[in-house]
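Student: A predicted structure for the sequence below; I have some questions about it.
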Amino acid sequence: MAEAVAPTIVPVALGGRSYEVRIAPGLLGDITGQAAPFLAPYGERPVPIVADANARAHHGEALERALAAAGHSVRWYDVAPGEGSKSWAGLEALTDWLLAQGVTRSDHVFALGGGVVGDLVGFACAILKRGCGFVQLPTTLLAQVDSSVGGKTAINVAAGKNLIGAFHQPSLVLIDTGTLDTLPPREMRAGYAEVLKYGLLGDAPFFAWLEEYGDAVLAREDAPLGRAISTSVAAKAWIVAEDERETSGVRALLNLGHTFGHALEAATGFSDRLLHGEAVALGMVLAARYSARREWLNDAAAERVTRAIDRAGLPSEIAALGLDCNGAALVDHMRHDKKMEAAGTLPFLLLKDIGAAFMARDVDLADLAAFLDAQLQAH
């Protein structure tokens, strides 16, 4: 682990549920300094850490050593990598284990890994004894800039992704950028899709900066990487503070690319065939192209979106997936989206410009299916 440096601190302002997101290389090695208030109550009891098996293999020994130096022992719970762990069975097994550890309402459970672990631990802590605390230790770029911040926790069920869950904010998020050194390139690219999203939805200068420095971010150069993460987290923190439970429409902006993306994930069986970040990347391309089809966005801007996705090595053509379905089948997956409204309309995040996303509630689903048919056959 890298030697800790003074972190960049991004506050998430939620009144009594406010917390900090701290960003720097080496933070896991300084866990006892960074998370002291959440470790102290354990005393001689072991600290429960729920970890993605891969994250534990890379970072567990050093994290355990850092805790041992301050007199803390660790009790580990390993989670198998992949969306399959976010299930009723996975939730039941984890909550049973936490109860067996004697976790109390005043304790904090530590979540080490990507979005799957963060979502699962967050939901378990939301319901365990009607709510206990947790600390996020995200080790993937996607989790660092997106899922670890904001308090959305959930599991997947047969009807769709993230349909059973709760809003439950962490007490602290420690983003150790050094953990990305062990992240496979494909996972790094998948996380970068969410970074691009923040530029597209509301920050045109940031999107332009990524067009110039995105290669350096993906190469994990310290300064560009730190700027990309801190800018993304600050954007999400502002949106969450404005609309914590997605009731005013502001937080819905974070779903840019996700309605298309979730349908593509469903069509590929929520498998490694298409990672979540890859699906979001494709979803943003489709959102831009459909916005151009509806003449809300000019063709040049839509092409900029495609170029940025291509340059990052992310998928930009759904035809390349070889899906065994048509546009109507993809739209049917969208009908199960948790954003579906009582009136039977499905709101879509679309674009009027780079950095100017908006919610459209008048999308004709038959027209959308025809558009997707064309995309499935293109190129």
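Tutor: Arrived safely. Numbers count the residues shown, from 1 in each chain.

Student: centre of the chain versus the helix ranked longest in the chain, how much separation?
Tutor: The residue-count maximum for a helix in the chain (DSSP state H) belongs to helix 222-242. Centre-to-centre, helix 222-242 and its host chain are 13 Å apart (Cα atoms, centre = their mean, to the nearest Å).

Student: what's the answer for stretch 26-39, then?
Tutor: 23 Å.

Student: any regions of the chain where pLDDT drops low?
Tutor: 1-4, 337-345, 379 (pLDDT under 70).

Student: can you map out the strands along it?
Tutor: 8-12, 19-24, 47-52, 74-79, 108-113, 133-138, 152-157, 160-167, 172-176, 348-353, 356-360 (DSSP state E).

Student: save the ones you listed as TSV, and put in mean neighbour count and distance to residue 191 too.
Tutor: Glycine gets a C-beta too; all of them are placed from N, C-alpha and C. Putting the strands of the chain into TSV (neighbours: other Cβ atoms under 10 Å; distance: least, Cβ to Cβ, whole Å) gives the following:
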stretch	mean neighbour count	distance to residue 191
strand 8-12	17	17
strand 19-24	22	14
strand 47-52	25	14
strand 74-79	18	18
strand 108-113	26	13
strand 133-138	27	10
strand 152-157	21	17
strand 160-167	18	18
strand 172-176	26	12
strand 348-353	21	19
strand 356-360	18	20
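
Student: got a list of contacts for the longest helix of the chain?
Tutor: Surrounding helix 222-242, the residues in contact under the criterion Cβ atoms under 8 Å, 6 or more residues apart in numbering are 8, 10-14, 21, 23-25, 141, 144-146, 149-151, 175, 177, 180, 194-195, 198, 202-203, 206, 209-210, 213, 216-217, 248, 250-251, 253-254.

Student: buried among these? Make that a PyMOL selection.
Tutor: Here is the PyMOL command that picks out the buried ones among those, judged by 16 or more other Cβ atoms under 10 Å:
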select buried, resi 8+10+12+21+23+24+25+141+144+145+146+149+150+151+175+177+180+194+195+198+202+203+206+209+210+213+216+217+250+251+253+254
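
Student: circling back: in a markdown table: the strands of the chain, plus distance to residue 306.
Tutor: Shown next, in a markdown table, are the strands of the chain (distance: least, Cβ to Cβ, whole Å):
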| stretch | distance to residue 306 |
| --- | --- |
| strand 8-12 | 30 |
| strand 19-24 | 30 |
| strand 47-52 | 32 |
| strand 74-79 | 35 |
| strand 108-113 | 31 |
| strand 133-138 | 29 |
| strand 152-157 | 28 |
| strand 160-167 | 25 |
| strand 172-176 | 29 |
| strand 348-353 | 12 |
| strand 356-360 | 17 |
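
Student: residue contacts, the closest residue to residue 95 other than its chain neighbours?
Tutor: Leaving aside its chain neighbours, residue 95 sits nearest to residue 124 (5.1 Å; criterion: Cβ to Cβ, 6 or more residues apart in numbering). The contact partners of residue 124, taken as Cβ under 8 Å, 6+ apart, are 91, 94, 95, 98, 109.
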